[in-house]
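1. Output the structure for:
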Amino acid sequence: MNKKRLIIFGIGLATAFALVSYFRSDAPRLIHITGQTMGTIVYNVKFVGQEIEGLDKEISDNLVAFNQSLSTYIPSSEISTLNRTGSFKFQSDFFLPVLEKSREIYKNTNGTFDPSIGPLVQAWGFGPNKSLPEVDSSMVDSLMSIVGFDKVQFDNEIVSMPPNFQIDFSAIAKGYAVDVVSEVLESRGIANYLVEIGGEVRCRGVNNEDKAWSLGIEDPTVSQGERALMAIVRLKDRSLATSGNYRNYYEKDGKLFAHIIDPRTGYTAKHNLLSASVFASDCMTADAYATAFMVIGFEYSMELIFAFDLDAILIYQSEDGEIESFVTAGIRPFLEMNNAGGN
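-> Modelled structure (predicted):
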């Protein structure tokens, strides 16, 4: 056999070996599991490895249990029971962690992240009751007397609240659910994965091409019925949550009402910040800070970013009407902006 034939034969063996490896049932590949949770919210789970029997059901069962604990839309849930009775002994493992994280972010943001704004959320028409509100200053003043997460008391077994208090974890629930699903994957020994629920994401390791996971950040300047990407970020071992006032709002009497409620005033937040994307190790933390940023606006968000060494992308409207962006140094090397100027 001459040298040329030997090379061709070697290439043939290598190709055959690669094909056999590709079609082997135990060869690592990208597995995709999808479904719905929290009503109609779609979840996507991607991981590198082999299919695992029963994993899709385990994920689904955990999300069902999660909703049964924390959904205000389920009358028999733990949180609905607490809101009716004012005191509750934990029945699941989901309730205490979200209380602890909420208290942490509540303190760090001086009360701008506040899950006790449930009565205000309901009054403004963003809760389970979707009727449009008839809100006036006297109603807001009255509701403000039953708002303040510092009044919620809890230990490792029980939580209690003052009379007429209501709590709502919708501003942190999707991020928390992402973490719950991620923990299911890690308990199965999966090291390379991406979990996405309603736009909130947590990724670990690399994708099936041995590269960081690519995540899209939506452009907040397009109309409500449109979708476009403002940036692509490539992350490894990070979580991402984005909050904005450009999707969830309604119009009444010619006025727009955003879904972000300011616990300090009782009214919807009004400022020049269009969207906040926050990066953290866990998605629950990222989700909570992203919500807080949309309450307090651009300038105070910047103060929190530097105070707590957070990574974030803030999209805002400048005084002259231009769309601008601020990107922290920790994210810049992994970011490709499609639009808006970066600072």
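2. Skip the chain neighbours and tell me the closest residue to Ile158.
-> Distance criterion CB to CB, 6 or more residues apart in numbering; nearest residue to Ile158, sequence neighbours excluded, is Lys89 at 4.9 Å. For glycine as for every other residue, the C-beta is placed from the backbone atoms N, C-alpha and C.
3. ok, now Gly297?
-> Nearest residue to Gly297, sequence neighbours excluded (CB to CB, 6+ apart): His271, at 3.3 Å.
4. Could you do Ser92 as well?
-> Ser69 (4.5 Å).
5. Identify the residues contacting that neighbour.
-> Counting by CB atoms under 8 Å, 6 or more residues apart in numbering, Ser69 makes contact with 77-79, 91-92, 94-95.
6. Out of those, which is nearest to Thr285?
-> Closest approach between the contacts of Ser69 and Thr285, by CB to CB: Phe94, at 16.0 Å.
7. From the contacts of Ser69, list the buried ones, please.
-> Listed as buried from the contacts of Ser69 are 77-79, 94-95; burial here means 16 or more other CB atoms under 10 Å.
8. Can you add secondary structure, distance to Tyr193 and pLDDT and give the residues you listed back as JSON lines?
-> Shown next, in JSON lines, are the buried ones among the contacts of Ser69 (DSSP: H, G, I helix; E, B strand; the rest coil; distance: CB to CB, whole Å; pLDDT from 0 to 100):
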{"residue": "Ser77", "secondary structure": "coil", "distance to Tyr193": "28", "pLDDT": "96"}
{"residue": "Glu78", "secondary structure": "helix", "distance to Tyr193": "28", "pLDDT": "96"}
{"residue": "Ile79", "secondary structure": "helix", "distance to Tyr193": "28", "pLDDT": "95"}
{"residue": "Phe94", "secondary structure": "coil", "distance to Tyr193": "21", "pLDDT": "97"}
{"residue": "Phe95", "secondary structure": "helix", "distance to Tyr193": "25", "pLDDT": "97"}
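9. could I get these as a markdown table with distance to Arg238?
-> Formatted as a markdown table, those follow (distance: CB to CB, whole Å):
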| residue | distance to Arg238 |
| --- | --- |
| Ser77 | 30 |
| Glu78 | 30 |
| Ile79 | 29 |
| Phe94 | 23 |
| Phe95 | 26 |
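10. For the helix or strand in which Ile105 is found, give me every contacting residue.
-> Taking DSSP states H and E as the criterion, Ile105 maps to helix 95-108. For helix 95-108, contacts defined as CB under 8 Å, 6+ apart pick out 69-70, 78-79, 88, 90, 113-115, 149-150, 152, 154, 156, 159, 169, 172-173, 176, 284-285, 288-289, 292, 304, 308.
11. mind running it again at 7 Å?
-> For helix 95-108, the external contacting residues (CB atoms under 7 Å, 6 or more residues apart in numbering) are 69-70, 78, 90, 113-115, 149, 154, 156, 159, 169, 172, 176, 284-285, 288-289, 292, 308.
12. Skip ahead from it and say which helix or strand is next.
-> Following helix 95-108 toward the C-terminus (DSSP H and E): helix 118-123.
13. got the CA positions of that following helix in PDB?
-> Extracted C-alpha coordinates of helix 118-123, given in PDB (Å, rounded to 0.1, in the frame of the first residue of the first chain):
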ATOM      1  CA  GLY A 118     -50.100  42.100  46.100                       C
ATOM      2  CA  PRO A 119     -53.000  44.400  47.000                       C
ATOM      3  CA  LEU A 120     -51.500  47.100  44.700                       C
ATOM      4  CA  VAL A 121     -50.900  44.600  41.900                       C
ATOM      5  CA  GLN A 122     -54.500  43.500  42.200                       C
ATOM      6  CA  ALA A 123     -55.900  47.000  42.400                       C
END
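14. now for it, which elements pack on it?
-> helix 137-144 (3 or more CB pairs under 7 Å, 6 or more residues apart in numbering; DSSP states H and E).
15. What mean pLDDT does the helix it packs on get?
-> For helix 137-144, the mean per-residue pLDDT is 90.
16. in it, what's buried?
-> 140, 143-144.
17. again with stretch 295-307
-> Neighbour-count burial for stretch 295-307 flags 295-298, 300-302, 304-305 (criterion: 16+ other CB under 10 Å).
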